[in-house]
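Colleague: just need the structure, nothing else, for what follows:
(chains A and B)
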Amino acid sequence: MKKMTLIILLLAFGVWAKAQKNEGEVTFKRTTSWTKMNDQMTFLSKQQKEKNAYMFGNIDISTQTYTLFFSPKGSKYEEKEENTNGYSWRKEQFVIYRDFENETLTDVIDFLGKTYIVEDSLERPQWKILNDIKDVAGHICMKAQIKDPIKNQVIVAWFAQDIKAKAGPERLWGLPGLILELDINNGACVISASKIEFKKLTTELDFPKKLKGSKIKEVRYQQMIEKHVKDKFKEEVNPFWSIRY
Amino acid sequence: MNKSLVLLIALFFTCTNLFAQNPTRVTIRGVVQDTSATTLTGATVMLLQPKDSSLVNFARANDKGTFEFRNVKNATYLLKISYVGFLPYQQKIKEFPNDVNDLGPIKIKPIAKELLEVVVKTAKAPLSIKGDTVEYNAASFKVPPGSSVEDLLRRLPGIEVDASGNIKAQGKDVKRVLVDGKTFFGDDPKAATKNLGAETISKVQVYNGKSDQALLTGADDGKKEKTINLELKDEFKKGAFGKITAAVGTSDRGVLRGNYNRFNKKEQFSVLGYANNINETGVNWSDYGEFKGNNSFNSNDNGDFGFGNGNRFYYMEGDYLNNFDGKGFTNNFGTGVNYNYTHQKTKFSSSYFYNQTKLNLDQYQNTKTFLQNSNFSTLDTNHTVSFRNSHSVAARLEQMLDSSNTIIAKTNLRFSGSNSSVNQVQQYLNNSEDVQNRINMNNGSNLNAYNFNFTAIYRHKFKKKGRTFAASSTLSTSSTDGTDNIRSLTRFFNATNVNDQIRAISQLNQNANTTTMIKAGVNYLEPLSKKVYWESFYNFNNSGQNVGRDAFNGNLESQRYDSLSTYYQNQITYNRVGSGLRFSNDGINLSFGLAVLQYDLDGKVYPQKGKPLTANISKQYQALTPNFSANIEFKNNAYMGFNYTLNVEAPSITDLQPVVQNNNPFYITSGNQDLLPAKNHELSFDISKFDPATFASIGIWSSYRYYLSQIVYSQTVDANLVTRTRPENMSGGKNFNVGMYSSFPIIKTKWTMNLSGNINTSNTPTIVNTVVNQTNNKNYTINAGFSITPSEKLIMSIEGNLGFNNISYTIENNQNQNIRTKGLSTSVKWNFAKKTFFETSFDYNSYRNDRFGFDQEIPILNASVRRLFMKENRMEVRLAAFDIFNKRQSIVQTGYLNTVSNQQALTLARYFMLSLTYNLKGHSDKLKKNGGFF
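Modeller: Residues are numbered from 1 along each chain as shown, chains lettered A, B, ... in the order given. Predicted coordinates for the structure are as follows:
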């Protein structure tokens, strides 16, 4: 009898756990390797790239922490305050709201010294589904891939087969499972889940009372990026020193 | 009537035709099951474009395993099903003829449990599935160095290797082992697995059935052959680079310079060498960076803890850099090796470097010294020949013990030697410019020294976020051994007595000094809240010095001059405890702290080593030093910083030594045992703004220092113009600095303007013949320039600068000095033909001081042409002309304390040089816009 109760309890727990698996909070570590980024800087000679990797290869990595709140309704992605050595750098505004019910996006982004609010309808990214599987943070993920022609990036995403959510880190979403890892240009930037917590969200996805910044459309935002990348390539300067990779 | 009938028939025909075609929208459904027909609830079902696997739509199987796509475009799709623990299933579905299509049960196969558990879960390696082929990253499975592929296979899940080397994969014999898809030394699968090293393999693929033939033709021949394919590592991470330059020039100028670097993923090895007589006393930044490799930049790990220790930065040490000061002619030679090892949590580097420089210097200096209502001039002509060399060995180890503990250990050993001979004539002219004295000096010195330094630092991060502890200790010893040979002949033209007209000195000094220092520190950071931290530190430093000097008669070495000899022992102990609070949140960092410090000085003076003590000086100083700092990062890339601190510095050992230095009989220095530490208030403020869109920047910085007590050298000048100086404490004296810089584009990507300016005012008290003199120094400089890049092939720059320096002395107020400098520099780099470059620079500088009647203009023009040759532009031939007008010399004008001086020295002027550089990786055939860093 006792065994039976236990099994029932376990089953009930299992059902409960399953029901909860489409809502919660993910912590992501975002690591950027500046010398790997050099591979796409066509203005650098092979020797300069090698020299940079040779000299800066072990101190070129910077790490940031991000939080993603997700539910079937929407998601919010923002930087987490990581103040571990008693010195705090100013956080760049990068708060990404996704509303899957009304299919809209609202992103608060600092871009070249100005804060913009990108507001537009959601357009599903053109993902390609590949055939590899990998474990990320205890979940078996499938591989998908997308190209960003403006930033000249190949982005690999690993999405969990068992978390029913369309959300993902950065500005990406739209896979049949929660995206737990992104790899931009062969490891130049890796955003990987370090902790996943399934819980009922309350007010996490709500907008703050006031959003400050000038409102623009997605197309305009992409145009601004394109212009900046072009200009900086002309000046032979890495454009991603001054904008987000 | 007819017409409408035709139309009707046509319409009908089109309609039937339409109906005969497939529907435009369809519903697709099916059931997902495993091989034993159990339904798989929650399986992901995707519809992909067959041409590029683009995701079109997705659905999930419900609790009966059923999935359904409603009203999707009728097209050819790739149906893909994924489920945790199962191989991704893929099936091509063609356009449907019906509206609703049931695909029925679809069975998907589980992934071998061991692959899932071991490869995916434990080794965290990605598993690549291509049809029936499973591929995994061999690098995720650790084998000891030197292992063969066989050893590696033994570790791979699902693969068994028996004692004689036969391989089984998933229970079946492996018939073929391929390397990069090709057979390796015949068909024996063991040939590859026994002979290849595990470290050469990046991926292992296991073919589950179809033979190569079947995969190639698509026609299944029914053979089920187990095949393993070994993919070799991409060798990108391994390589070598280097270059060698040889150059010959007019007036026997020559250069030989080279470096060679080899590296792989873990190791970096480099050698470097140079020899020249063109005044390059070391290597340049770029070559130095290549030499040190990934050890070029290290965090500020000197183990000195204090306020604001949380903000660590990276910096580059510059031990062997070219540091030529622009004076004289040098012959230089240097060579070194460097080795770095970086793997996972270990970072080790070591280097050896030898360098030597021989200097030949001819220098002329005119100094005016102001006394109360009078002054005198010193004309100094000096010829120096010196040689110095050093051997230096350094090693550094950084080991992360685990995620919360790190140790850093570094050590440095240096042996150095020098010898020099100085031939000097000094003339002393009184107020009315009459020569009063003349001294001919012939001094030689010989010095051998060694330095040893060892530092260990331990850092610990506690489980509680933000709580850290660090401890450091340093041991450092040094010893110098030297002799000075002093010979001088002085004529006193004013002397009436014959005996006083000439004085000769011949003296031999033997110096032996040793220093031992022990240093330790601890630092603790405790987060009181998310934004407030409490920081505490303790520093300890004990340094002991033994100074021995025996002065002898240079002509009769047994005769010791007791008055000029000494033996001195000095112990300085420094203790500091400090504590403070830090507030840090979203770019705002404020800190306030207080430290208590104590110096214990203990000096013992003996007439000679081994003789009884003549004097014992024991002193103790305490001070309370506050510190305040604010660093604020505003929105829009604006930054502001403010810092206040009270600096307390103990007197230097040389200033405390009660030893008379008479190397120059007209400038005799001695120490002062009663010195107190120097103390000053220091304030600094800076503000800056940067626009990332245009890269325009502007900044203002300022600093102010007020001395509560400073160590100044009081002077007593006698009738014979012999100056005796002695360090003394004085209050007063200040220094104020303010400057700005700005850089902004005039035409984006083509024209940039740079502006900067700086004002420095200082007030320095000094005692001259018991009267206090205040020297007020005002220095203004302004710089303006443009950099212009009209095209990819032309880079130009032009810059001008102006400098004004006004110096006034309270004891001689009609002697105010006005020093003027002007400068203009331009440069052009022009890629005027394919692989051919012309580079030129012109610098014009003018120096003026009306009171000295000094007005000197120096125009320097350099020009060179270079061309790249050979495959990958490996060879560069360059013809260069340096200082075409043959005008180069060194001019330095300074005002210091109660003096003003102007110094001129000869140096390398016009020469022409032809150089060849061979670069293993080739030269860039473009002009570099930004110096090549990133």
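Colleague: how much space between A:E78 and B:N62?
Modeller: Distance from A:E78 to B:N62, counting by C-beta to C-beta, to the nearest Å: 35 Å. For every residue, glycine as well, the C-beta is placed using N, CA and C.
Colleague: what about the strands in chain A?
Modeller: Counting by DSSP state E, chain A forms strands over residues A:24-33, A:61-70, A:74-79, A:94-99, A:104-111, A:114-121, A:128-136, A:139-148, A:153-160, A:179-184, A:189-198, A:214-216, given from the N-terminal end onward.
Colleague: relative to B:M517, which of the ones you listed is closest?
Modeller: Nearest to B:M517 among the strands of chain A is strand A:61-70 (35.4 Å), distances taken as C-beta to C-beta.
Colleague: parallel or antiparallel, list what pairs with the closest one.
Modeller: Sheet neighbours of strand A:61-70, with direction, are listed as strand A:24-33 (antiparallel), strand A:74-79 (antiparallel) (DSSP bridges).
Colleague: buried residues, the longest one. List them.
Modeller: Within strand A:24-33, the residues that qualify as buried are A:G24, A:E25, A:V26, A:T27, A:F28, A:K29, A:R30, A:T32, A:S33, counting by 16 or more other C-beta atoms under 10 Å in any protein chain shown.
Colleague: and that strand, C-alpha only, in CSV?
Modeller: Taking Å, rounded to 0.1, in the frame of the first residue of the first chain, the C-alpha atoms of strand A:24-33 are listed here in CSV:
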residue,chain,number,x,y,z
GLY,A,24,11.0,29.2,-15.8
GLU,A,25,14.3,31.0,-15.6
VAL,A,26,17.6,30.2,-17.3
THR,A,27,21.0,31.6,-16.4
PHE,A,28,23.4,32.0,-19.4
LYS,A,29,27.1,32.6,-19.4
ARG,A,30,28.2,34.7,-22.4
THR,A,31,31.8,34.4,-23.2
THR,A,32,33.5,36.4,-26.0
SER,A,33,36.9,35.6,-27.4
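Colleague: starting at the chain centroid, how far to it?
Modeller: When C-alpha coordinates are averaged (C-alpha atoms, centre = their mean, to the nearest Å), strand A:24-33 and its chain have centres 7 Å apart.
Colleague: now swap in stretch B:520-538 and tell me
Modeller: Chain-centre distance of stretch B:520-538: 28 Å, with C-alpha atoms, centre = their mean.
Colleague: quote the end-to-end distance of it.
Modeller: Taking C-alpha to C-alpha, to the nearest Å, the span from the opening residue of stretch B:520-538 to its closing residue is 8 Å.
Colleague: quickly check: it near chain A or not.
Modeller: Yes - Stretch B:520-538 is in contact with chain A by C-beta under 8 Å from any C-beta of the partner chain, via B:L525, B:P527, B:K530, B:K531, B:Y533, B:E535.
Colleague: so which of the residues you listed comes closest to chain A?
Modeller: When these are compared for distance to chain A (C-beta to the nearest C-beta), B:Y533 comes out closest, at 4.1 Å.
Colleague: my guess is that closest one contacts B:G466. True?
Modeller: Yes - with contact defined as C-beta atoms under 8 Å, B:Y533 counts as touching B:G466 (6.7 Å).
Colleague: common neighbours of those two, please.
Modeller: Here B:Y533 and B:G466 have A:G86, B:L525, B:E526, B:P527 as joint contacts, going by C-beta atoms under 8 Å, 6 or more residues apart in numbering or on different chains.
Colleague: which strand residues bridge B:T227?
Modeller: Applying DSSP bridges to B:T227 gives these bridge partners: B:R176, B:Y207.
Colleague: burial measure for it, as a count.
Modeller: By the other C-beta atoms under 10 Å in any protein chain shown criterion, the neighbourhood of B:T227 contains 21 residues.
Colleague: for the strands paired with strand A:61-70, which one sits closest to B:K168?
Modeller: Nearest to B:K168 among the strands paired with strand A:61-70 is strand A:24-33; the distance by C-beta to C-beta comes to 39.9 Å.
Colleague: related to what we said a few turns ago, the residues of stretch B:520-538 next to chain A in strands, which ones?
Modeller: Checking the residues of stretch B:520-538 next to chain A against DSSP E, those in strands are B:L525, B:P527, B:Y533, B:E535.
Colleague: phi and psi next, for B:P665.
Modeller: For B:P665, the backbone dihedrals are phi -70, psi -10 (criterion: degrees, to the nearest 10).
Colleague: can you get me a residue count around it?
Modeller: Residues near B:P665, counting by other C-beta under 10 Å, number 18.
Colleague: ok, and what's touching stretch B:384-397?
Modeller: For stretch B:384-397, with C-beta under 8 Å, 6+ apart as the criterion, the contacting residues are B:295, B:298, B:319, B:328, B:346-361, B:363, B:407-423.
Colleague: err, stretch B:43-54, not the other one
Modeller: Under the contact criterion C-beta under 8 Å, 6+ apart, stretch B:43-54 has outside partners A:126-130, A:142, A:161, A:176-177, B:28, B:30, B:32, B:55-61, B:65, B:67, B:69, B:72, B:76-83, B:86, B:92, B:108.
Colleague: let's go with 7 Å and repeat that
Modeller: Residues lying outside stretch B:43-54 but in contact with it, judged by C-beta atoms under 7 Å, 6 or more residues apart in numbering or on different chains, are A:126-130, A:161, A:176-177, B:32, B:55-61, B:67, B:69, B:72, B:76-83, B:92.
Colleague: between its first and last residues, how far does that stretch reach?
Modeller: End-to-end distance of stretch B:43-54 (C-alpha to C-alpha): 19 Å.
Colleague: so between B:Y533 and B:G466, which is more surrounded?
Modeller: Neighbours were counted for B:Y533 and for B:G466 using other C-beta under 10 Å; B:Y533 has more, 25 against 20.
Colleague: for the stretch 151-300 of chain B, what spans make up the helices?
Modeller: Assigned helices in the stretch 151-300 of chain B, in chain order: B:189-195, B:212-217, B:285-292 (criterion: DSSP state H, counting those that start in this stretch).
Colleague: in chain A, which residue sits nearest chain B?
Modeller: Nearest to chain B, among the residues of chain A, is A:R90, at 2.8 Å (C-beta to the nearest C-beta).
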